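1. below are the sequence and a predicted model for it; my questions follow.
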Amino acid sequence: MRKIKDVLRLKLDAQLSHRQIAAALGMSKAAVTKYLGLAAAAGLDWATVQGIDEAALERRLLVAPERPREHVQPDYGYLHQELRRKGMTLMLLWEEHRADYADRQTYGYTQFCENYRRFARQLKRSM
């Protein structure tokens, strides 16, 4: 279990050193430094940390914000159906996708194939 709030309490409220905090909580000094660095980058002080529960604090410090996708996402269900046709390949589907969205940013062939394979692995297999 993470002890982020305890680390911040011992540093910001009790003014202990990184080594003392690590010894008190039974964790590495590197982990203490990491948590304190993340809190400093987020601009957190002890008054703010007190009002936040551990899960919310962890989300605020450790979860990276999701970047919006800039590439046009192909319809992987359609691709999967088209690949059943005789002579159809991922290369042909990729070329069609690039031609359809020539004015927008699309994936290169390798990333296109990786994304399709990731989609195909998630499909349920049934008789």
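-> Alright, I've got the coordinates. Keep in mind the model is a prediction, meaning the values are calculated, not measured. Residues are numbered from 1 along each chain as shown.

2. what about the helices in the protein?
-> 4-8, 18-25, 29-42, 46-50, 54-62, 76-82, 90-100, 109-122 (DSSP state H).

3. any idea which of those helices is most buried?
-> Highest mean neighbour count of the helices of the chain: helix 4-8, a mean of 21 (counted as mean count of other C-beta atoms under 10 Å). Every residue, glycine included, has its C-beta placed from N, CA and C.

4. can you list the neighbours in contact with it?
-> 21, 25, 27, 31-32, 35-36, 39, 44, 46, 49, 52, 54, 57-58, 61 (C-beta atoms under 8 Å, 6 or more residues apart in numbering).

5. right, so of the helices of the chain, which gets closest to E70?
-> helix 109-122 (12.3 Å; C-beta to C-beta).

6. other SSEs contacting the closest one?
-> helix 76-82, helix 90-100 (3 or more C-beta pairs under 8 Å, 6 or more residues apart in numbering; DSSP states H and E).

7. so how far is that helix off the chain centroid?
-> Remark: helix 109-122 is offset 18 Å from the chain centroid, using C-alpha atoms, centre = their mean, to the nearest Å.

8. okay, A47: pLDDT?
-> We have a pLDDT of 87 for A47.

9. tell me the mean pLDDT over stretch 21-33?
-> 94.

10. first-to-last residue distance for that stretch?
-> One end of stretch 21-33 sits 10 Å from the other (C-alpha to C-alpha, to the nearest Å).

11. ok, residues contacting that stretch?
-> Here stretch 21-33 has contacts from K3, D6, V7, L10, K11, L16, H18, R19, using C-beta under 8 Å, 6+ apart.

12. using pLDDT, spot the least trustworthy of the residues you listed.
-> Lowest confidence among the contacts of stretch 21-33: K3, with 86.

13. now that residue: how far from A40?
-> Going from K3 to A40 by C-beta to C-beta, to the nearest Å gives 17 Å.

14. kindly report the same for Y78.
-> 47 Å.

15. with only the CA atoms kept, save the lowest-mean-pLDDT helix or strand in the chain in CSV.
-> When the helices and strands of the chain are scored by mean pLDDT, DSSP states H and E, helix 54-62 comes last with a mean of 85. The C-alpha trace of helix 54-62 is given here as CSV (Å, rounded to 0.1, in the frame of the first residue of the first chain):
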residue,chain,number,x,y,z
GLU,A,54,-5.2,8.8,0.0
ALA,A,55,-6.9,7.5,-3.2
ALA,A,56,-7.5,11.0,-4.6
LEU,A,57,-4.0,12.1,-3.7
GLU,A,58,-2.6,9.1,-5.5
ARG,A,59,-4.7,9.9,-8.6
ARG,A,60,-3.6,13.5,-8.5
LEU,A,61,0.1,12.7,-8.3
LEU,A,62,0.6,9.4,-10.1
